[in-house]
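> The following block contains a protein sequence and its predicted model.
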Amino acid sequence: MSELNLKNPVLRWFEARLPIMSFMHHSFVTYPTPRNLNYWWTFGGILTVMLIIQIITGIVLVMHYTPTTADAFNSVEHIMRDVNYGWLIRYVHSNGASMFFIAVYIHIFRGLYYGSYKDPREVLWILGVIILLLMMATAFMGYVLPWGQMSFWGATVITNLFSAIPGVGQAVVTWLWGGYSVDNPTLQRFFALHYLLPFVIFGVVILHIWALHHVGQNNPTGIDVKSNKDTVPFTPYAATKDNFALILFLMFFAYFVFYIPNYLGHADNYIPANPLQTPVHIVPEWYLLPFYAILRAIPSKLGGVVAMFASILVLVFVPWLDTSKVRSARYRPMYKQFFWILVICCIGLGYLGAKPAEGVYVIAARILTFYYFLHFLVILPLLGYLEKPKNVPPSIADSVLKGRESDPMPARAGARR
Amino acid sequence: MTVRGSAILVAAVAALALSQAAPAPAAEAAKPDRQSWSFQGPFGHYDRAQLQRGLKVYREVCQACHGLKLVAFRNLAETGGPEFSEGQVKTIASEYKIQDGPNDKGEMFERDGRPSDRFPSPDANEQAARARFNGSYPPDLSVIAKARSYEVGLPGALADFFRQYQEHGPDYLQALLTGYQEPPAGVTLPDGQYWNKYFPGNRIAMSQPLQDGQVSYTDGTPEKLDQYARDVSAFLMWAAEPHLEQRKRIGFQVMIFLIIFAGLMYFTKKKVWADAH
């Protein structure tokens, strides 16, 4: 399997019975990575680290948290006040969720830009969409656990969405709540699932990495690896680069944790949950806002729920909706423009999700929702026929060694000597 | 990073700020003025004397109606807070009656407070408070400084990210305590309602709690409403975030560590990649 040469007889004995060391060596040391990967490719590693940080801080938080409506809020404050470095663990965990989403959104848009979802990476991409869905469910249930006003009312609004299902909707909602309103049974099951789902995510991440290592990484040119001149070994090349990017990301993360830990939160969540008092505006966490905007843009309740889930599910079909033979937007002049319009569209939806659903905001949200689906269902399929791609370089090595075209996503390291 | 790259980063931060520009509950309430707080910014720390004065205001005025149930007397002696001496904390605690029990006869009893006790709330429960206050419930003040905010709009939210401004809560509290006014012409308030410029909806069930000269200060600080409001708001910020100083101090150490680590990693990466192209 590899050139791993073990000298220690104990390790050799073990390796003959379970070849895990040569597997790790093959996957994370000699594994060939395209030599032109830019810094947008470092977010996969960053996401792995974020998942581990969330799981470790989460397990410590669970040691001090009490999942009952009477005690949840105060047990979180107990963590903040009385547990040694409890404030640090909690702020890392709560801001870590936001950092996780920043990284995953960059990771997804990188995939869209460089065509990382195309043959033979469709399964890799779909596993990614499943991870995104699991992350959203996990984050939503995690936000309920402090049992503040936004926790309670966010849970009420989101679980009520299921009442839109024709016929059985109300029964489904009662089943989800474990009663006739969001209450103690709801909190306890959300807690149980919030603890479970990260490990499910971890499992799907392993499949995601397995699929990645099986088909090989895409790269900024989008062309296949043809010879070993096109690649460099993971260690030390990708490893040093990933680590450098990770440290920069951790600095961004630490800035939030230590200096503005409540910047991304909502003040209302420091008010204990009160079923008798509805907040003036119920807003989800920032990373769910674009989907919340789509939900509210559709005039019918069922339609809104369908559109919201469709906005994520449509990603599953992107490998087949994109009809272009060329992967990378670097050689797709028209797609490149539409890509950036889509980015602006998503940011716009996020902004509208935070605004009250009234007046001009509703109209804008409808236009952007329409455009979001237009991009995937109409523009993407048509572009493959309408667009004339630029010439693709003959090999990855050629693209790196003979200068490079202008590239909106800066690919610095590959060009440096 | 290239210009384009930095532009994308700025756009990403702007997108985050956008989402934070969400409206806070606001009817026609005025926007509080920004105050200058000793605890803002990367090296912010509480002003011990101010926290001690704030505690005095809380105990002599606010405490009649509002609880502080998450704060323990021992916290008053901890570093990064008002830093009273152990002896002073014992004295303060002993001035409170704490319900304890049941004893070995199965009865609840009252005893003097100890440093390990938390501030007892003025009412036994929410219903008792509502019965006493004509249906209104004076909220517990333990985390009030983090539970109140005001809308800053978009450029403001972005500026707050870079300025590390997180003091919207104390700004609001200071404004609220000094924001009592006569109601505008044509508005008649029912009994038990007062007009406050900064309160969402303007009609507040709390009468103006602080007046000039109401609490005596022993350190020569002016005994003015504005000063009382400032001191008690700072105290409540500490009550809500008692480890703020430790957080900022460790944050600075973490940043220094990460900057050095990033520098070393950058040159390592550069050397590794030198022969690749």
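Sure thing, it's come through.
> In chain A, where's the longest helix?
Secondary structure of chain A per DSSP state H: the longest helix is helix A:184-215.
> Which other helices and strands does it contact?
Where contact means 3 or more C-beta pairs under 8 Å, 6 or more residues apart in numbering or on different chains; DSSP states H and E, helix A:184-215 is packed against helix A:43-62, helix A:122-144, helix A:149-160, helix A:169-177. Glycine gets a C-beta too; all of them are placed from N, C-alpha and C.
> Just the buried residues of the helix or strand that that helix is followed by, please?
Sequence order places strand A:231-233 as the next helix or strand after helix A:184-215, per DSSP states H and E. The neighbour-count check on strand A:231-233 (16 or more other C-beta atoms under 10 Å in any protein chain shown) flags A:231-232 as buried.
> Show me which residues of the stretch 201-350 of chain A sit near chain B.
A:232, A:236-237, A:240-241, A:243-244, A:247-248, A:250-251, A:254-255, A:257-264, A:266-268, A:270-271, A:279-281, A:283, A:286, A:289, A:347, A:350 (C-beta under 8 Å from any C-beta of the partner chain).
> Would you mind writing the PyMOL command to select the buried ones in the residues you listed?
Only the buried entries of these go into this PyMOL selection, using 16+ other C-beta under 10 Å:
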select buried, chain A and resi 232+236+237+240+241+243+244+247+248+250+251+254+255+257+258+259+260+261+262+263+264+266+267+268+270+271+279+281+283+286+289+347+350
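> before we move on, the earlier item: now the angle from the longest helix of chain A to helix A:43-62?
Counting by axes from the mean of the first three to the mean of the last three C-alpha atoms, to 10 degrees, helix A:184-215 lies at 150 degrees to helix A:43-62.
> Quick check: buried residues in helix A:184-215?
A:186-187, A:190-191, A:194-195, A:197-198, A:201, A:205, A:208-209, A:211-212.
> what's the answer for stretch A:15-22, then?
A:15, A:22.
> what do you get for stretch B:226-241?
Those would be B:227-241, for stretch B:226-241 by 16+ other C-beta under 10 Å.
> Those residues also near chain A: which ones?
Answer for those near chain A (C-beta under 8 Å from any C-beta): B:Ala240.
> Which ones among the buried residues of stretch B:226-241 map onto helices?
Per DSSP H, the subset of those in helices is B:227-240.
> Check for me that A:Asn269 belongs to a helix.
Yes. Counting by DSSP: H, G, I helix; E, B strand; the rest coil, A:Asn269 is found in a helix.
> how far away is it from A:Ile282?
Separation of A:Asn269 from A:Ile282 (C-beta to C-beta, to the nearest Å): 11 Å.
> Of those two, which one has the most company?
A:Asn269 (26 against 17; other C-beta atoms under 10 Å in any protein chain shown).
> I'd assumed A:Leu145 was in contact with that one.
No. Counting by C-beta atoms under 8 Å, A:Asn269 sits too far from A:Leu145 to count as a contact (10.7 Å).
> Output the set of residues of the stretch 101-250 of chain B in proximity to chain A.
Counting by C-beta under 8 Å from any C-beta, the stretch 101-250 of chain B sits next to chain A at B:139, B:142-143, B:146-149, B:160-161, B:164, B:166, B:168-169, B:200, B:240, B:242-243, B:246-248, B:250.
> at 6 Å instead, please
B:143, B:146-147, B:149, B:164, B:166, B:242-243, B:247 (C-beta under 6 Å from any C-beta of the partner chain).
> Which of those residues fall in helices?
Counting by DSSP H, these place B:146-147, B:247 in helices.
> how about those residues in JSON lines, adding distance to A:Met63?
Shown next, in JSON lines, are those (distance: C-beta to C-beta, whole Å):
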{"residue": "B:Lys146", "distance to A:Met63": "24"}
{"residue": "B:Ala147", "distance to A:Met63": "26"}
{"residue": "B:Arg247", "distance to A:Met63": "21"}
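> Which single residue in chain B comes nearest to chain A?
B:Gly251 (2.5 Å; C-beta to the nearest C-beta).
> residues touching that residue, list them.
By C-beta atoms under 6 Å, 6 or more residues apart in numbering or on different chains, the contact list for B:Gly251 reads A:258-259.
> can you do 7 Å?
Applying C-beta atoms under 7 Å, 6 or more residues apart in numbering or on different chains to B:Gly251 gives the contacts A:254, A:258-259.
> hmm, back to that, give me the common contacts of A:Asn269 and A:Leu145.
A:Ser151.
> What is the burial count for the residue nearest to A:Phe199 when sequence neighbours are not counted?
Spatially, and ignoring its direct neighbours in sequence, A:Phe199 is nearest to A:Ile55 (7.7 Å; C-beta to C-beta, 6 or more residues apart in numbering or on different chains). Residues contacting A:Ile55 under the criterion other C-beta under 10 Å number 15.
> quick one: A:Ile55 and A:Pro198 touch, right?
Yes. A:Ile55 lies in contact with A:Pro198 (C-beta atoms under 7 Å); the separation is 5.3 Å.
> and B:Val3, what pLDDT?
pLDDT recorded at B:Val3 is 47.
> Skipping adjacent residues, who's closest to A:Tyr39 in space?
A:Ala245 (5.6 Å).
> Next up, the contacts around that neighbour.
With C-beta under 7 Å, 6+ apart, A:Ala245 has these contacts: A:39, A:42, A:46.
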